[in-house]
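A.B. asks: Compute the structure for the input listed below.
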Amino acid sequence: MAALFSAQFMSAAAHWALPRENALREALWGYHTTLGTTLFLLVLLRGVWGLVNLSRRPPHGGAMGQAVKIGHASLYLLMVIVPVLKLLSYAGGTRGFSYLGFQVLSARTTEVAWMQTLGGWHGELGWALAFLVVGHITMAIVWHRLIQRDDTLKRMAG
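C.D. replies: Have a look, this model is predicted:
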């Protein structure tokens with residue numbers, strides 16, 4: 001999933017940073033919706049798996065433990081909210097939405113303004129998610145590898 005999220009953030013960065021007629025921008029942007037939907041489904045599955053195995057998570061006490069819980073909750077919340085906002089935008093839009101060739105949401109004849117407004121937050125919250133992911137990686141390296149010198153990163157990598 002880390003590699004898929006990296007690809008997703010790269011496609012968004014290319015879309016933002018490169019000019020409209022750039023071939024790389026278009027190539028990377030071409031998979032953004034499909035990859036985002038796939039990631040959303042994987043996040044939901046991972047969330048269910050995590051909830052089922054909640055009792056097996058390592059304990060985190062004190063202020064650092066609270067920070068860990070808040071950080072993980074924020075990550076999961078954004079990993080759900082960001083795609084839901086885009087799906088909401090599709091549901092209230094004139095283009096509809098299909099995934100892997102299956103029509104999921106039909107196109108409307110007129111846009112639903114409030115759905116489009118909320119969907120407009122997809123990009124901004126996506127960048128907030130990217131920022132949290134970078135912070136999560138940094139904290140994992142600094143805290144677990146350099147300070148604690150424990151095997152958490154090995155467990156995370158599999």
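
A.B. asks: Report the buried residues of the longest helix anywhere in the chain.
C.D. replies: Counting residues, the longest helix found in the chain (DSSP state H) is helix 62-91. Buried residues in helix 62-91, counted by 16 or more other C-beta atoms under 10 Å: 68, 75, 78-79, 81-83, 85-91. Heads up, the C-betas are built off the backbone N, CA and C, glycines and all.

A.B. asks: least confident pick among those residues?
C.D. replies: On pLDDT alone, residue 68 ranks lowest of the buried residues of helix 62-91, at 83.

A.B. asks: Before we move on, what's the pLDDT of the nearest residue to that residue once chain neighbours are set aside?
C.D. replies: Spatially, and ignoring its direct neighbours in sequence, residue 68 is nearest to residue 60 (4.5 Å; C-beta to C-beta, 6 or more residues apart in numbering). With respect to pLDDT, residue 60 scores 75.

A.B. asks: For the closest residue in space to residue 90 that isn't next to it in sequence, give me phi and psi.
C.D. replies: In space, and not counting its chain neighbours, residue 90 is closest to residue 97: 3.8 Å by C-beta to C-beta, 6+ apart. Reported as degrees, to the nearest 10, the phi and psi values for residue 97 are phi -150, psi 130.

A.B. asks: who does the longest helix of the chain touch, helix- and strand-wise?
C.D. replies: Applying 3 or more C-beta pairs under 8 Å, 6 or more residues apart in numbering; DSSP states H and E, one finds that helix 62-91 contacts helix 32-52, strand 97-99, strand 102-105, helix 113-119, helix 121-139.

A.B. asks: Just give the nearest non-adjacent residue to the residue nearest the centre of the chain, would you?
C.D. replies: With distances taken as C-alpha atoms, centre = their mean, the residue of the chain nearest its centroid is residue 79 (3.8 Å). In this structure, residue 79 finds its nearest non-sequential neighbour in residue 43, 4.5 Å apart by C-beta to C-beta, 6+ apart.
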